[in-house]
Each structure stands twice: as structure tokens, then as C-alpha cells.
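# fold the following.
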Amino acid sequence: MPQATPGPTLGLEEELHLCDAASGELRSRADELLPVLTSAAQRERLGPSGAVVAELPLSQIETVTGVSADVESLLGRALHLRSATAEAASALGLGLLAAGTPPLGDAAAQTVSPDERYGRLRDRAAGLVGQQLIAGMHLHVGVGVADTADWADGADGESAGEADDDARVAVVAALRPWLPALLALTANSPYWLGSDTGFASYRQVHWQRWPVAGPPPVTRDAQGWHRAVSALVDAGVVDDASYVYWDVRLATRFPTVEVRIADVVPRLEDAVGFVTVVRALAAGALADHEAGRRAPEVELTALRAATWRAARYGLTDQLVDAATGSLAPAYEVLRSMLRAAEVGLEITGDGELARDGLARVAREGNGADRQRRAFARFGWAGVLDVIRVDPAAALPRVTQGDGNGWVECRCGQRHWGRHGAAGLLLSRPGEDGVEVLLQLRAPWTHQGGTWGLPGGARDSHESTTQAALREAQEEAGVDPAVVGVLGEDRDDHETWSYTYVLAEAASGANAAAANLESDAVEWVPVDEVAARALHPAFALAWPRLRSRLADPTGVSGR
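Here you go, the predicted structure:
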């Protein structure tokens, strides 16, 4: 990925729990850890990555990245902050946990930071403050930032840069309908101090007790936004706008929109889909704002209900599709959100990154899913393994593989795959003869809405067969262990090539749409393939490939 991409700048804040390294139970020792992390030597080590600051409970600490121009540098900085904090905590016999709620510990044993701001909260919110043990991931999206250095200089708490509040309200309006889907994507808080809450994001439900939490109201412009905030101040529940913590809001210290809906995620690669989609929705909203177009409005009561449902079920049940207002399977709603972000993804250049990030969650589940699977197998030790921050953690392929990218071919067209591409032509015996596995490409993909083979870009370390098998597993759930590879057929353009890997499977072999790039997967009789709306390149190759099915081990290509 290039060092800078078009589109809004980014910043990330992560709240992380401190625990006993051995037992995993909460420990209120941030007052011991912070001096280590804010020493001159440590600040020099962290450099532009950002800073580590105090949180409301002393059982938490917060990392705050510097301003980043692209997703890769943002997550790299966040990782550096996580690693440095976990390393310093380890020296004190502490662990660092990335979960929306603490799985183990005693709420009554925790203490609140003596910070003056938190003291005012305690005076007003009474017993809520001592129970505020929840941890979120807050994404800042720059709007109207002329110079990212100005924003960075504001990290000491002073205002920085100039914000166009009407533009920021337009971004909030575009993000509002998708808050439930973004919550389901990042839900990572099923357990609360030794019990299973039944929720995917108990953090979200726990947080709703505050009068300044939840989705923001519908506001059509900056004047309406400030009027809504003033109503809370006038009611005496907050001192000023900085205490209004809606799920998405106009930040008060920076010229940003702050998205606060997400639980803190176990691994930073889990945040890729969230960050890229939020950034794209913001970029699209800014383009619409300039053109005088408004985002659709969702009534507050309906949005609260949809958010509650997302907190309850995460990705394991239906969600409300913001595009239709109707319930739909969770992964269909994620596809719908990607379609809504399409214009913005063109602006930011994050399209493949967004699809990779959402596909990873589709394969592995969100943090709540992984915590529950771990508990079922290994109990609390398994849960802690899922959410414990490893000081030596890296970001394994948080960006797209090195094969992803366009190639300007000598034939005059652009082709996907820096090292070429490959697809799996998989056949099996059917009731009426040989069948082949076809994939209906999702509408937002290149040549979406057409039928072709599961496949994609080959990475530099892969053979064509390895690439085809990996893609078939990711897109169509094909188990490589049941596939017998027979041969290859290649379209060779000299500067680029596409390799069809011919393979067979036994009768009854399973396949199904397995990620967001597949709208459907079907076993199609050979005689019926040509009648489908085929991907243009596959349509040209099909007569040759069909003849190869009779002699799959022969050598062919052009």
C-alpha cells in the first residue's frame, strides 16, 4: 500500500484492561504503569506512533495514535503502542487485555482515577462511574484538516485545526444508519466478570445507562447538532459538549468525526474492515455533501432497536439492513454496507483492503464468537488467550497480499494480480453427468453479477495451484484436502497471465458461498454452463476449457 492515499486522515484510541498476568483478573494499577510509559525515554521510543494516557478506572489504560494518512500506518502505530504497553505491563507482573468487557475480576475492588475531569463525572453519575469497566475502540476521521501536523499538535488537549461542522454533520448522517452493522462487526464483549451475558457486545448494553450514550439524534446541519448538544448541557447532565459520548459524534478537541460504536478488538487485523469501511463512508459523505446530496435518515427509536439487536446477536443472527430497513442475514447486511461504501472506497483506494478485512471476519467470526469458541474448549484460559495482548505480536497480512493490485497489460487492458491470477476449475460426478463449480460474483466486485470460477490474485510466494486452492477455500468453502489437481490451462499475455487449475472432487463434494465476494456458489452441469451470464474472460475460455475436461492432464494455453 502506498504511504499516503486519498481520503480522510485517521487516528485511533484503544481502551485496554490491566489484569494480573497469571490469573487474568482486573488490577487497578495504571498509576504504577503510566509513569513508565510517559517517561522521556519511552516517549522517544514511541515517537510518531502516539501516546499512552490515563482512563477513568485505574484498571484501564488508553493508547492514542498519531494522525495517519492511510490504514496501514494507522494500524502499525496502534500495534507499536499496544506492544510497548504490554511489554511495560509485563515487567510489573501485569497483562493487557483487549476486550469490550473484562471477563474476570471484582468490580468493587477497582478504583477510579483521581483526575479532576473524572472527579466531576463521579459527582454527577454516582455509582455508574465505579462500574464503568468497559473498553472501546474510537476511530477519528479527519474532516476539514488542512495539515495533519496541526491535528497531531492538538494531542495535548488544545483545539487543533479548523473543522467544517456542516461537513462533519454530513459524515455523521452517513454513518448513523450503519452503526448497528459496525457494532456487530467488532462485537467483543460476551463475558462480564465471570459470567456469560448472552450478548455479543455487553459493553454496548452496559453503556446505555448513561444519558449521553447511544446513537446521535437526526440533525440536518451544524446548527441542529449544536442545539441537540446544548439540550443536554441545559438539562444539567453534562458540563459541556466534550462529555457527550454518542456512538458517533463531532469531536471537540480535533477537527474530526469520532466513531465510538466499536468494542476494542482482540487483534488489530480485526479492525481492518471496520476502519476501511468507516473511512470510505466518510469519504463518500463528503463528496455527497459537496454535491448537495443528503444521506437517508433513520429514526432514532428504530436505530436504537437495531443497535440493541446487533449487541445481542453480533453476526450470529439477522441484522437490520440500513439500505432496506428490513431484517437480513448478518453477512448480507455486511455486503449491503460494502455497497454503500463503494463510492468512498474508490476515493480512498481501500476497496481490496475492506473486502479482505470483512472476509476475514466472515471466516473467523468476530471477537465474541472467538471468545465463546475458546471458552467451550478451554474455559477461562482459552478466553484469555484470545484477548491477551502479545508484546511480540505482528500484523500478519493486515493489508492485501503482495499479489493484489492492477497490471497495465500490453493488450491494452488492466488485469487483477501483480503476479498473475489463478482460478479453480473443479469438477465432480453428478446425477446427469459431470458438474463444475461456479461462483456468482458479488455485485460490488469487478464484473460483479457474472458467473465464473473461484479465484484471484497469486501472491509472490505461491504457485498457481496454491493460489487457486486458497481462493476456492476462501470464496467457496472448498476443502483442499478433497481436491485432486489434474492439470493447468493458461491465458498468457506475457506481462500477465491467468491460470485455470483443473481439478476433480468426489460425488457429493461440498461447496457454499464462504465470503463477501460470492453471492452464490453452484455445481452446474457442463451442458448448462454456457447458458449462464458468464464473466467475459471465462466465457471466451470456456469452449477450450470444456474440451480440456475430457483430457485434463494435457498441456494447453495461449
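# average model confidence for stretch 264-274?
The average pLDDT for stretch 264-274 rounds to 96.
# swap in stretch 279-295?
95.
# in that stretch, what counts as buried?
279-286, 288-289, 295 (16 or more other Cβ atoms under 10 Å). (C-beta placed from N, C-alpha, C; glycine too.)
# list of residues touching it?
The set of residues external to stretch 279-295 that reach it, using Cβ atoms under 8 Å, 6 or more residues apart in numbering, is 6-8, 10, 71, 141, 143, 166-167, 170-171, 173-178, 220, 257, 340-345, 347-348, 350, 354.
# just give me the closest of the buried residues of stretch 279-295 to D492.
A280 (35.1 Å; Cβ to Cβ).
# just give the nearest non-adjacent residue to the closest one, would you?
G344 (3.2 Å; Cβ to Cβ, 6 or more residues apart in numbering).
# repeat for I61
In space, I61 is closest to A30, 5.1 Å off (Cβ to Cβ, 6+ apart).
# can you give me the domain assignment for this protein?
10-148+157-387, 406-557 (automatic domain parsing).
# contacting residues for the closest residue in space to G224 that isn't next to it in sequence?
Of all residues not flanking G224 in the chain, V169 sits nearest, at 7.4 Å (Cβ to Cβ, 6+ apart). The contact partners of V169, by Cβ under 8 Å, 6+ apart, come to 219-222, 224-225, 250.
# number of nearby residues for S73?
Counted with other Cβ atoms under 10 Å, the neighbours of S73 add up to 20.
# check which helix or strand V141 maps to.
V141 belongs to strand 136-142 when assigned by DSSP states H and E.
# output the buried residues of stretch 279-295 in CSV; the columns should cover distance to V434 and secondary structure.
CSV is the format used below for the buried residues of stretch 279-295 (distance: Cβ to Cβ, whole Å; DSSP: H, G, I helix; E, B strand; the rest coil):
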residue, distance to V434, secondary structure
R279, 46, helix
A280, 42, helix
L281, 45, helix
A282, 49, helix
A283, 47, helix
G284, 45, helix
A285, 49, helix
L286, 52, helix
D288, 49, helix
H289, 54, helix
A295, 49, coil
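# what angle do strand 136-142 and the longest helix along the chain make with each other?
Counting by DSSP state H, the longest helix found in the chain is helix 71-91. Relative orientation of helix 71-91 versus strand 136-142 (axes from the mean of the first three to the mean of the last three Cα atoms, to 10 degrees): 140 degrees.
# centre of the chain to the next helix or strand after helix 71-91, how far?
For helix 71-91, the following helix or strand on the C-terminal side (DSSP H and E) is strand 94-97. In terms of Cα atoms, centre = their mean, to the nearest Å, the centre of strand 94-97 is found 23 Å from the chain centre.
# also stretch 102-115?
On Cα atoms, centre = their mean, the centre of stretch 102-115 falls 29 Å from the chain's centre.
# so which bits of it are buried?
Within stretch 102-115, the residues that count as buried by 16+ other Cβ under 10 Å are 102-105, 110, 112-113.
# wait, which of those is closest to Q413?
Proximity of these to Q413 (Cβ to Cβ) peaks at P103, which lies at 52.5 Å.
# pretty sure the closest one is touching D196, no?
No - in this structure P103 lies outside contact range of D196 using Cβ atoms under 8 Å: 9.4 Å.
# inside helices: which ones of the contacts of stretch 279-295?
Counting by DSSP H, these place 71, 166-167, 170-171, 173-175, 340, 342-345, 347-348, 354 in helices.
# check contacts around the residue nearest to I61.
18, 54-55, 57-61, 113.
# redo these as a markdown table? Include pLDDT.
Listed next are the contacts of A30 as a markdown table, based on pLDDT from 0 to 100:
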| residue | pLDDT |
| --- | --- |
| L18 | 98 |
| A54 | 91 |
| E55 | 90 |
| P57 | 92 |
| L58 | 95 |
| S59 | 96 |
| Q60 | 96 |
| I61 | 96 |
| S113 | 78 |
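# of the residues you listed, closest to L94?
Nearest member of the contacts of A30 to L94, counting by Cβ to Cβ, is L18, at 5.3 Å.
# residue boundaries of the strands in the stretch 401-550 of the chain?
Using DSSP state E, counting those that start in this stretch, the strands of the stretch 401-550 of the chain run over residues 406-408, 414-416, 421-430, 433-441, 451-452, 455-457, 484-492, 497-504, 518-525.
# what's the distance between Y313 and S201?
Here Y313 is placed at a distance of 10 Å from S201 (Cβ to Cβ, to the nearest Å).
# what do you get for P217?
22 Å.
# also V521?
From V521 over to S201 the distance is 31 Å, taken as Cβ to Cβ.
# neighbour count: those two, which is higher?
The neighbour count for V521 versus S201, taken as other Cβ under 10 Å, is higher for S201 (33 against 21).
# ok, that one - contacts?
Shown in contact with S201 (Cβ under 8 Å, 6+ apart): 100, 183-184, 186-189, 263, 310-311, 314, 368.
# how about a cut-off of 6 Å?
Contacts for S201 (Cβ atoms under 6 Å, 6 or more residues apart in numbering) come out as 100, 183, 187, 189, 263, 311.
# please flag which of these sit within helices.
Counted as lying in helices by DSSP H, out of the contacts of S201, are 183, 311.
# who wins on neighbours among the contacts of S201?
Neighbour tally across the contacts of S201 (other Cβ under 10 Å): the maximum, 34 neighbours, falls on G100.
# where does that one land on pLDDT?
Reported pLDDT at G100 in the predicted model: 98.
# pretty sure it is touching R203, no?
Yes - with contact taken as Cβ atoms under 6 Å, G100 and R203 are classed as touching, separated by 3.4 Å.
# give the residues shared as contacts by those two.
With Cβ under 6 Å, 6+ apart, G100 and R203 have common neighbours 189, 263.
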